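Asks: let's see this in three dimensions:
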Amino acid sequence: MIAHAADPAVAAKPIADPDKKICRAEDVTGSLFPKRVCHTRAEWAEIGASRQTAAERYISQKEMSGHALPLPN
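Replies: Numbers count the residues shown, from 1 in each chain. Okay, the predicted model is just below:
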C-alpha cells in the first residue's frame, strides 16, 4: 500500500521537535579525540545552512578569481 498525504496514519505522524537536544562528535584540529557538541535540532539546522552558504560563497569566489577547483577522482 502506498501512503498518501490524505492518509490519517501519515498525517498523525509527529513532526520532529525543534527543541530536542542532539549531540554529535566533531573533529578538533590538533587533537586525536573528537569533541562532543550538543545543540537543539533547530540550531543544527541553522549551523548546516550557515556552513552550506559559506561553502557556496567559497566556491563562487574561486570561480570568479579564475582558480579552478580540483576535480574529485
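
Asks: output stretch 54-63 as PDB, nothing but the C-alphas.
Replies: Output in PDB follows, covering the C-alpha atoms of stretch 54-63 (Å, rounded to 0.1, in the frame of the first residue of the first chain):
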ATOM      1  CA  ALA A  54      29.900  29.500   3.400                       C
ATOM      2  CA  ALA A  55      30.900  26.600   1.100                       C
ATOM      3  CA  GLU A  56      28.900  28.100  -1.800                       C
ATOM      4  CA  ARG A  57      30.500  31.500  -1.200                       C
ATOM      5  CA  TYR A  58      33.900  29.900  -1.200                       C
ATOM      6  CA  ILE A  59      33.300  28.100  -4.500                       C
ATOM      7  CA  SER A  60      31.800  31.200  -6.100                       C
ATOM      8  CA  GLN A  61      34.800  33.300  -5.200                       C
ATOM      9  CA  LYS A  62      37.200  30.600  -6.500                       C
ATOM     10  CA  GLU A  63      35.300  30.500  -9.800                       C
END
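
Asks: the residue nearest to Arg24 when sequence neighbours are not counted: which element?
Replies: The shortest distance from Arg24 to any non-neighbouring residue, by CB to CB, 6 or more residues apart in numbering, is to Val37 (5.7 Å). C-betas here are computed from N, CA, C, even on glycine. Assessed by DSSP states H and E, Val37 sits inside strand 35-40.

Asks: just Ala55 next, same as before
Replies: Using DSSP H and E, Ala55 maps to helix 41-65.

Asks: tell me the angle that helix makes with strand 35-40.
Replies: On the basis of axes from the mean of the first three to the mean of the last three CA atoms, to 10 degrees, helix 41-65 is oriented at 110 degrees to strand 35-40.
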